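Asks: Sequence first, predicted coordinates after that:
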Amino acid sequence: MVTHMKTTVDIADDVLLRAKEVAKNENVTLKSLIERGLLVVLEKKNEKRNKITLVTVDGEGVNPKYEAMSWDEKLEVIYGDGGDRL
């Protein structure tokens, strides 16, 4: 099993020089700095993908005629006869 792959990437000269300076100041290799940067970007992408947006609405609350119903009765109202249920 391969745990590392070699690749060639074209990086703008000014970006590479800045990256080398940061790596030097942080006493890390350029390779580890690039890997850390890629991981930050990948984790942000993953966070955005898994983000759930909650939606709320104004209203009067639950209709009183449904408050006393059991869960099964409410499902029957929602899905009706023979409806698919999760």
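Replies: That came through fine. Numbers count the residues shown, from 1 in each chain.

Asks: only C-alpha atoms for contact and neighbour calcs from this point on.
Replies: Will do.

Asks: show me where the chain has helices.
Replies: All helices of the chain, identified by DSSP state H, fall at 13-25, 30-50, 64-67, 71-79.

Asks: can you list those in TSV and add mean neighbour count?
Replies: Listed next are those as TSV, based on neighbours: other Cα atoms under 10 Å:
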stretch	mean neighbour count
helix 13-25	13
helix 30-50	12
helix 64-67	10
helix 71-79	12
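
Asks: out of those, which comes closest to Lys6?
Replies: helix 30-50 (10.8 Å; Cα to Cα).

Asks: quick one, that closest one and helix 13-25 angle?
Replies: Between helix 30-50 and helix 13-25, the angle comes out at 100 degrees (axes from the mean of the first three to the mean of the last three Cα atoms, to 10 degrees).

Asks: avg pLDDT for helix 30-50?
Replies: Averaging pLDDT along helix 30-50 yields 84.

Asks: list the helices and strands it packs on?
Replies: helix 13-25 (3 or more Cα pairs under 8 Å, 6 or more residues apart in numbering; DSSP states H and E).
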